[in-house]
Every structure is written in C-alpha cells, then in structure tokens.
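Visitor: generate a structure from the sequence data that follows.
(one chain, ligands or ions: 4)
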Amino acid sequence: MKTLREILYNVNILAVQGNNDIAVRALSIDSRQIKTGDAFIAIRGFAADGHQFISKAIALGASAVICETLPDTISPDVCYVQVSNSAQAGGVMAGNFFDNPSQKLTLIGVTGTNGKTTIATLLFRLFTQLGHHCGLLSTVQNQIGDRIVPATHTTPDPISLNALLADMVAEGCDYAFMEVSSHAIHQQRIAGLRFAGGIFSNITHDHLDYHKTFDEYIRVKKSFFDQLPNNAFAITNLDDKRGPVMLQNTKARKATYSLRSMADFKGKIIENNITGLVMLVGEREVHFRLIGEFNAYNLMAVYGAAVLAGKDKDEVLAALSDLKGAEGRFDYIISKEQRVIGIVDYAHTPDALLNVLATIKNLRQGHEQIITVVGCGGDRDTTKRPVMGEVAAEHSDKVIFTSDNPRSEDPGEIIRQMEAGVGVHQRKKVISLSDRKEAIKTACSFAKQEDIILIAGKGHEKYQEINGVKHPFDDKQVLLEMFALLEK
Ligand SMILES: CC(=O)N[C@H]1[C@@H](OP(=O)(O)OP(=O)(O)OC[C@H]2O[C@@H](n3ccc(=O)[nH]c3=O)[C@H](O)[C@@H]2O)O[C@H](CO)[C@@H](O)[C@@H]1O[C@H](C)C(=O)N[C@@H](C)C(=O)N[C@H](CCC(=O)O)C(=O)O
Ligand SMILES: Nc1ncnc2c1ncn2[C@@H]1O[C@H](COP(=O)(O)OP(=O)(O)OP(=O)(O)O)[C@@H](O)[C@H]1O
Ligand SMILES: N[C@H](CCC[C@H](N)C(=O)O)C(=O)O
Ligand SMILES: [Mg+2]
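Guide: Ligands and ions are numbered 1, 2, ... in the order given. Got it, this is the predicted structure:
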C-alpha cells in the first residue's frame, strides 16, 4: 500500500494538517463509496459540492481528505490536504496511486465532436492486428485485449481511468487508445496522464448546455493539445475550420490530414458506396469496408496516427483495409425480400445527422425513399433539437420524430422542440410517435422495395433511460424484429 505522502507527489499542495505518512487503502471522489482507510477527494461538481460530504466521508472511515477549503471542524484522526484544485489533484493522485500506468504504455487520445469512438476503436483493432496487446477506453465499451469492461462514460473518472490503465499494464498491453470527451478535459478527468499522441477529428454543435458558448467548447478541446508534451505527436483535421487552431500552442510534434488540400496525410475518395470506400492514400489505392465521407476522415486520422506512432505505411493500410466500423455506427442490415436497407447510427448531433444523411443520399441508385427515425436526448443541449429536426426533415423523404433517452424530461416536449425546426414545406413529411418501438415499426411499414431506413441517435446503446431507469432497448434488435414481422 502507498502512503498519502507518496500519492501526493506532484500535487500542488497549499497546506497539510495532520500526518500524511499514513497508508491509503483506496481513493474516492464519492463519499458514498468510502471505506475505512480511504482518502476522500472533495470536488466541486454541478449538482453538488463534494466539500459538503467531508463529514460523511469521515464517518464512513476516511483517514485523509483532499479539499480546496478546510472544513470548520477538524478531526484529529484525519489528515487534511488543502489543494488549489481538487479535480486536478484527483487526477495526479490517481496516477500515483496506480503507479502512473499511462507512462508504462503508449497512450493515444482522440478528441472532437464526432468520430472519437470510431477512430479509437479502429486504432485498437489496427494495432491488435499488427501484433500488439492493446487497451481501449470508449463510449461503447472499454477493452483490455479481448476482455470487455462495460463503460459508463466516454471518458471515465480519473480513478476508474487509472485503474483501467493499470489493469492494461498488468495484462501486458503496450498501447492504449482512449476517447477524450470535452467534459473529461473540463473536469480534469485526464489530469496527470502522459499522452504519446493526440488526435483531433472535428468540432461542431454539441454540449452547449454544458460549455455555454461555442468558443468555450473550442477552448476546452484545444486545451487537450496545449497540455501534450514535446515528445508526443498531435494530428489535426485540416479540413475542419478549427483544425489548425487546435495545434496552435501545442509543444507536441504537429501533423495534419485532409481530403481536400495538401497535408502530411492526404487522402482522396475515388468510390463511395454501400460496399465501402476506395481511396487514394498517398500513391496507393486502397479499399476500406467503412462507408461515407465522414469515415474517410476517420480513416485518415487513424492512418496518420499509426504512422506517427512509428508503423509502416503499407502494413497499416493493408490491415486497415480489412477492418469494420464500431458497433452502432452506420451498422446496416438488409431485409430478405424487399431488400430494404435499415441503418442504425449514433448520429446525435446536427453535423453527424447531416453527414449520415448525405452519405445515404449518395448510396441511392434510383428513387429509393429515405425514411428517418430520430429523437434527441433529454437533459442535454436543447439548442440542437430544432436543428436536428430541420436536418432530418430537409434530407429525408419521411421522418418520424421519436424519443431518444428522455431522462428526466417529457418526451413530448423534446419532440415539440424538434418539430419547431421543421420548415413549413417539410411539415407534411413528418410524423411524431414518442414510443420508439412504434416509430421503428411504422418506418418499416412505410418502406417499399429497396428503401432506406435510418434509425439515428442511439447506435450501440442497449437501453432507453427514462426517469433514472434504464429500460432494455436495442435499435438493431427492434429493426431485425420488425423486418421479420413485416416479411413473414
Ligand atoms: C455533467 C457531468 O459531466 N457530470 C459528471 C460530474 O458530476 P457532477 O459534477 O454533477 O457531480 P455532483 O453530483 O455535482 O457531485 C460533485 C462531487 O460530489 C461527490 N458526491 C456527490 C454526492 C454525495 O453524496 N457524495 C459525494 O461525494 C460526487 O462524487 C462528485 O465528485 O462528475 C461525475 C463523477 O466523475 C460524473 O459521473 C458526472 O457525469 C454525469 C453522470 C454525466 O452524465 N456526464 C456526461 C454528460 C458526460 O460526462 N459525458 C461525456 C461524453 C460527452 C460526449 O459525448 O462527448 C463522457 O465523457 O461520458
Ligand atoms: N468524422 C466524422 N465527422 C462527422 N460525423 C461523424 C464522424 N465520424 C462519425 N460521425 C457520425 O457521428 C456518429 C458518432 O460517431 P462516433 O461514435 O465515432 O463519435 P463520438 O465522437 O465517439 O461520439 P460521442 O461524443 O458520443 O462519444 C456516427 O454514428 C456518425 O453518424
Ligand atoms: N455522449 C453523448 C451521447 C448522446 C447519445 C444520445 N442517445 C443521448 O442520450 O442524448 C451525451 O451524453 O451527450
Ligand atoms: Mg464516443
């Protein structure tokens, strides 16, 4: 067991009250998880202030408290450590507690509004194929080699994050790929990690409920690159308006990828259809199984990062050519008789929805209808709702607005906010059915020979969260069921 003094290495300490030469059993940012001999880190959050739970943590056996302001009553048996920023201290302490696992493997982080899961998952599969033992931290799931560890967040809290990285090291992983969400950067969940590389995908409208302004959202994403060390690489998407800005102040080795202009890693789409993409990458013509221009970007990000990590270009392209996308991302099935294409996709931002619908339009051979089923999550950015409503209506032949994860909100109200974005000329196309299963069933019943159904927003999710309860729900399963039912 490590001592508190050892765990505090590199933490910006303002004051210590009590003995810090005590063994620490575990760290926790949640008083409800505290057991005897633990250190409680009090963090100021959104719903609550961890400082309010210090006495509760001590009552449950905490022998150390890390906080920004010392409580009025001090217990003689507890060591209090006052720090300038407990969230940041929590990250550094979690690293020390688990022997800084991020320094024992090559850790590559991916940030951006869309594409993080796809890029991180492709990198994990690519490096596994190239003979490495790898770890993955992603929205869909965490992975240590073949072992799956369920994910609760896109980027876990610092303690779970370092515990997972330590398991990866213990199980012999030499590479780890992780998504770095803007929430995680802002809440310092990645503090103290040593990244060997950072990847930027793109930045568009999302999470303005949290970051308030687009400028602030950009600033937060950029700060990930600002923190990279000089022996890391940083690769950005040159075709995104904010791509260059992301690397402006980084100390890391800079690189770019693009489909449109000169870049370190330049790709060009030659064919783009339901069987995949054919691209010119440098001098080489390569076929990929992933579909759509947005995936051409993801592939270039993966290719660039792998080469910057020291891999051979040809080996990378050969392995990458064979890989499938992440679960629930442009995941399609074709019905047996009517040859209706049903696509399950995780598009939950206006930009992702627009991209996926543009890709579908491109796949059309003739006059097939595009039927879209989409909703927006509750307790999340409300400003994206009318925009997603508008995008869906504008680029589909029929649209069914439905529930996503309403969480604590009224699904009917979320749908009304989506409807508000639909222009007068598009209204005829739209119906609203808050029951998601009914909505998918109705879309299937509308579909004629070779039509295309898009079910957007929930991708891999296996539940629907309503008032704090996660009810089992799987878009792809429901789609399969409906195809079978209607073609009986
Ligand atoms: C808005 C947000 O990100 N919230 C995260 C945040 O919670 P919070 O600030 O509300 O915490 P709080 O309830 O105010 O509590 C403050 C502190 O007091 C502690 N506490 C609280 C109650 C108590 O009795 N005792 C106690 O000690 C809490 O553990 C916490 O440390 O810190 C928690 C601990 O790390 C996270 O679990 C929680 O994620 C919530 C569940 C969440 O839904 N987050 C989403 C928005 C999120 O993070 N998403 C991104 C992906 C987004 C993307 O798609 O890009 C992700 O990385 O998953
Ligand atoms: N490079 C891209 N540019 C724009 N849209 C994309 C891109 N890659 C994927 N998408 C769209 O965004 C959806 C989500 O993709 P993915 O899960 O890879 O992103 P993410 O950044 O991990 O999302 P989250 O923030 O929820 O973790 C996909 O289903 C697809 O519709
Ligand atoms: N990581 C994203 C996922 C959104 C997925 C969508 N199905 C929803 O519930 O809004 C978020 O937490 O905002
Ligand atoms: Mg993700």
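Visitor: quick one: is the lowest-mean-pLDDT helix or strand in the chain near ligand 2?
Guide: Across the helices and strands of the chain, the lowest-confidence element by mean pLDDT, DSSP states H and E is helix 208-211, at a mean of 81. No - using CB under 6 Å from any ligand atom, helix 208-211 stays clear of ligand 2, coming no nearer than 12.0 Å. For the C-beta atoms, the positions are set from N, CA and C on the backbone; glycine is no exception.
Visitor: tell me the buried residues in the helix or strand following that helix?
Guide: The element immediately downstream of helix 208-211 (helix or strand, assigned by DSSP states H and E) is helix 214-226. Neighbour-count burial for helix 214-226 flags Tyr217, Ile218, Arg219, Val220, Lys221, Lys222, Phe224, Phe225 (criterion: 16 or more other CB atoms under 10 Å).
Visitor: which non-adjacent residue is nearest the residue of the stretch 301-450 of the chain found nearest ligand 1?
Guide: Closest residue of the stretch 301-450 of the chain to ligand 1, CB to the nearest ligand atom: Arg380 (7.3 Å). Distances taken as CB to CB, 6 or more residues apart in numbering place Asp209 nearest to Arg380, at 6.0 Å, with adjacent residues excluded.
Visitor: ok, that neighbour to ligand 1 distance?
Guide: To ligand 1, Asp209 is 9 Å away according to CB to the nearest ligand atom, to the nearest Å.
Visitor: count of residues packed around that residue?
Guide: Residues near Asp209, counting by other CB atoms under 10 Å, number 12.
Visitor: what sits against it?
Guide: Asp209 makes contact with Arg380, Asp381, Thr382, Thr383, according to CB atoms under 8 Å, 6 or more residues apart in numbering.
Visitor: okay but Gly115 is in contact with Phe294, surely?
Guide: Yes - at 6.9 Å, Gly115 counts as touching Phe294 under the criterion of CB atoms under 8 Å.
Visitor: and the residue in the stretch 351-488 of the chain that ligand 2 sits nearest to, how close does it get to ligand 4?
Guide: The stretch 351-488 of the chain approaches ligand 2 most closely through Ala352 (3.3 Å), counting by CB to the nearest ligand atom. For Ala352, the distance to ligand 4 equals 11 Å [CB to the ion, to the nearest Å].
Visitor: ok, that residue - contacts?
Guide: Thr113, Asn114, Phe294, Asp345, Tyr346.
Visitor: surely it is within a helix?
Guide: Yes - the assignment for Ala352 (DSSP: H, G, I helix; E, B strand; the rest coil) places it in a helix.
Visitor: pLDDT at it, what is it?
Guide: Listed pLDDT for Ala352 reads 94.
Visitor: of the contacts of Asp209, just say which sits nearest to Thr155.
Guide: For the contacts of Asp209, the minimum distance to Thr155 (CB to CB) is 16.4 Å, reached by Arg380.
Visitor: are we agreed that the closest one is in a helix?
Guide: No - looking at Arg380 with three-state DSSP, it is coil, so not inside a helix.
Visitor: residues touching it, list them.
Guide: Contact analysis of Arg380 by CB under 8 Å, 6+ apart lists His207, Asp209, Arg407.
Visitor: give me phi/psi at it?
Guide: The phi/psi pair for Arg380 (degrees, to the nearest 10) reads phi -140, psi 170.
Visitor: separation between the residue nearest to Arg380 and Gln417?
Guide: Spatial separation of Asp209 from Gln417 under the definition CB to CB, to the nearest Å is 13 Å.
Visitor: and the longest strand along the chain, what's buried?
Guide: Criterion DSSP state E: the longest strand present in the chain is strand 265-273. Buried residues in strand 265-273, counted by 16+ other CB under 10 Å: Phe265, Lys266, Gly267, Asn272.
Visitor: so what strands line up beside that strand?
Guide: Sheet pairing of strand 265-273 (DSSP bridges) gives strand 253-258 (parallel), strand 276-281 (antiparallel).
Visitor: touching ligand 2 at all, the last one?
Guide: Spelled out, that is strand 276-281. No - Strand 276-281 stays clear of ligand 2 (CB under 6 Å from any ligand atom), getting no nearer than 12.8 Å.
Visitor: average pLDDT across that strand?
Guide: Strand 276-281 shows a mean pLDDT of 97.
Visitor: which parts of it are buried?
Guide: For strand 276-281, burial by neighbour count (16+ other CB under 10 Å) applies to Gly276, Leu277, Met279, Val281.
Visitor: tell me which residue in the chain sits closest to ligand 3.
Guide: Gly377 (1.9 Å).
Visitor: hang on, that residue in a helix?
Guide: No - Gly377 is assigned coil when assessed by three-state DSSP, not a helix.
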